[in-house]
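1. Output the structure for:
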Amino acid sequence: MSTTKPVHAQNTEFGVEDGELLVGGVPLTRLALRVGRTPFYAYDRARLTGRVAQVRAHLPAAVRLHYSVKANPMPALVQHMASLVDGLDVASAGELRTALDTGFDPAHVSFAGPGKTDAELTQAIAAGVVLNAESPGEIERAARIADTIGIAPRLVLRVNPDFELKGSGMRMGGGAKPFGIDAEQVPDCLRRLEALGIALQGLHIFSGSQSLKADAIADSHARSVDLALQLAGEARQPLPGLYLGAGFGIPYFPGEQPLDLAPIGANLAQCLERVERGLPGTRVSVESGRYLVGEAGVYVARVVDRKVSRGQVFLVTDGGLHHHLAASGNFGQVIRKNYPAAIGNRMAAAERETVSVVGPLCTPLDVLAERMELAQAEDGDLVVVFQSGAYGLSASPTAFLGHPAPPEVLV
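-> Next up is the predicted model:
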């Protein structure tokens, strides 16, 4: 008899049928056959759609939602996200090509990141996308290139604020940073844009990411609006856009609670009113990556050897840190903690044991789960690592030790 029930992995729910995890409604062993080999990444299309709908339900209708492609640049996934959001944000020429291939309006594609080469600046200006200028020098180079090719650049000034997102996993603003133009330098840059005859497209203020604290995110948004209103007073031209980093985080580890979007949305409604009063005609956009896609993805590896070493059980799989560096604890963790995981074809198994899940690489760093309670597994079983939809494959050293890269599927 077939039964379906949810399995909880932090804030992610996937269905279970006859003891097997369902991804996109497909039983895991069947999905593995369909993919053709393990390891692989699988992204649940319905979960992506549902997450965007959830965010929109909490944001004021006038706030535009952008997807940050760096979270997951898989072309099919980006194509799907492009059908759901108002803008795409990229951080390289490669991501730019992926975004433009979706057919998305270039005017709603933005290109951020320090160290853009002249070739990348040229591509962005020629494509007509919005360039987030990260330094005074980048403004000068963009202006020179634009003059050479005869195409006006669409420049947004990325501002490095004098505050950071409290409690964030990654602090992108405050203090000395390679990202953006220090707030106190922005007035000079605004005057320089005017002298160059370049129309300002807006300000981008992004103070941090991966926060689970709604009050901290709300405070960051409010302070960003304060700063934008202050800086706009220095600009002698309209401010078409204000781009805010969302900072929305997802839970990965025991004890972490899902982010409450309600107070964030309520605060953004207040922020929007202030912008409408002080900067009429300015569009407010919120950029998010991890929150939109992170919980919709799983990484799947097959057990190739079950071994016991001095009383400890090891499940040796065909996947590891070369495919999923973050799950190994070597991407942003100071003290290693386990991502949520399961034996995906034994979800209903009663027999459980404490095991370590490791990969095939000749390094002790190749650990996907350390001393974790899982269903008792044998050779051939499928290990699933949840919360794998963001910063997974593209953030991993796939060339390490010469193993092939895993396929990715959107289900």
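
2. The residue lying closest to Leu193 once chain neighbours are set aside: what's it in contact with?
-> Distances taken as C-beta to C-beta, 6 or more residues apart in numbering place Leu200 nearest to Leu193, at 5.6 Å, with adjacent residues excluded. The C-beta positions use only the backbone N, C-alpha and C, and glycine is treated the same way. Listed by C-beta atoms under 8 Å, 6 or more residues apart in numbering, the contact set of Leu200 reads 155-157, 190, 193, 235, 237-240.

3. what about Leu200, distance to Arg154?
-> From Leu200 across to Arg154, the span is 10 Å (C-beta to C-beta, to the nearest Å).

4. Then Tyr67?
-> Taken as C-beta to C-beta, the span from Tyr67 to Arg154 is 19 Å.

5. Now the element after the one helix or strand Arg34 maps to, going C-ward?
-> Using DSSP states H and E, Arg34 maps to helix 28-35. Where DSSP H and E defines the elements, the next helix or strand beyond helix 28-35 is strand 40-43.

6. which residues in the stretch 151-300 of the chain form strands?
-> Along the stretch 151-300 of the chain, counting by DSSP state E, counting those that start in this stretch, strands occupy 154-160, 170-171, 181-182, 200-205, 208-209, 241-245, 283-288, 297-309.

7. who touches the helix holding Arg34?
-> So helix 28-35 is in contact with 20-24, 26, 38, 40, 42, 300, 302, 344-345, 382, 384, 407, 409, 411, going by C-beta under 8 Å, 6+ apart.

8. What's the mean pLDDT across it?
-> Mean pLDDT, helix 28-35: 98.

9. in that helix, what counts as buried?
-> Residues of helix 28-35 classed as buried: 28, 31-32, 35 (neighbour count, 16 or more other C-beta atoms under 10 Å).

10. repeat for stretch 146-161
-> So for stretch 146-161, counting by 16+ other C-beta under 10 Å, buried means 146, 153-161.

11. so can I have TSV of the residues you listed showing distance to Val90 and pLDDT?
-> Shown next, in TSV, are the buried residues of stretch 146-161 (distance: C-beta to C-beta, whole Å; pLDDT from 0 to 100):
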residue	distance to Val90	pLDDT
Ala146	19	98
Pro153	16	97
Arg154	14	97
Leu155	16	97
Val156	13	96
Leu157	18	96
Arg158	14	95
Val159	19	94
Asn160	20	92
Pro161	22	89
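
12. Stretch 108-116: end-to-end distance?
-> Start-to-end span of stretch 108-116 (C-alpha to C-alpha, to the nearest Å) is 19 Å.

13. okay, Glu164: pLDDT?
-> Reported pLDDT for Glu164: 64.

14. now Leu21
-> We have a pLDDT of 97 for Leu21.

15. Not counting its neighbours along the chain, what's nearest it?
-> Gly344 (4.2 Å).

16. Just confirm Leu48 contacts Met81, I think it does.
-> Yes. Counting by C-beta atoms under 8 Å, Leu48 touches Met81, with 6.7 Å between them.

17. Identify the contacts common to those two.
-> 292-293.

18. Please report the distance of Thr117 from Gly197.
-> 24 Å.

19. meant to ask about Ala107, not that
-> 20 Å.

20. swap in Val313?
-> Remark: distance between Val313 and Gly197 (C-beta to C-beta) = 68 Å.

21. what about the stretch 1-150 of the chain, any weak spots by pLDDT?
-> 1-12 (pLDDT under 70).

22. Whichever of the contacts of helix 28-35 end up buried, select them in PyMOL.
-> Per 16+ other C-beta under 10 Å, the buried members of the contacts of helix 28-35 correspond to this PyMOL selection:
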select buried, resi 20+21+22+23+24+26+38+40+42+300+302+344+345+382+384+409+411
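
23. Cross-reference the contacts of helix 28-35 with the strands and report the matches.
-> Among these, DSSP state E puts 20-23, 26, 40, 42, 300, 302, 382, 384, 409 in strands.

24. With distance to Arg223 as extra columns, can I get the residues you listed in JSON lines?
-> Converted to JSON lines, the ones in strands among the contacts of helix 28-35 look like this (distance: C-beta to C-beta, whole Å):
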{"residue": "Glu20", "distance to Arg223": "47"}
{"residue": "Leu21", "distance to Arg223": "42"}
{"residue": "Leu22", "distance to Arg223": "43"}
{"residue": "Val23", "distance to Arg223": "40"}
{"residue": "Val26", "distance to Arg223": "45"}
{"residue": "Phe40", "distance to Arg223": "42"}
{"residue": "Ala42", "distance to Arg223": "39"}
{"residue": "Val300", "distance to Arg223": "41"}
{"residue": "Arg302", "distance to Arg223": "48"}
{"residue": "Leu382", "distance to Arg223": "46"}
{"residue": "Val384", "distance to Arg223": "40"}
{"residue": "Val409", "distance to Arg223": "41"}
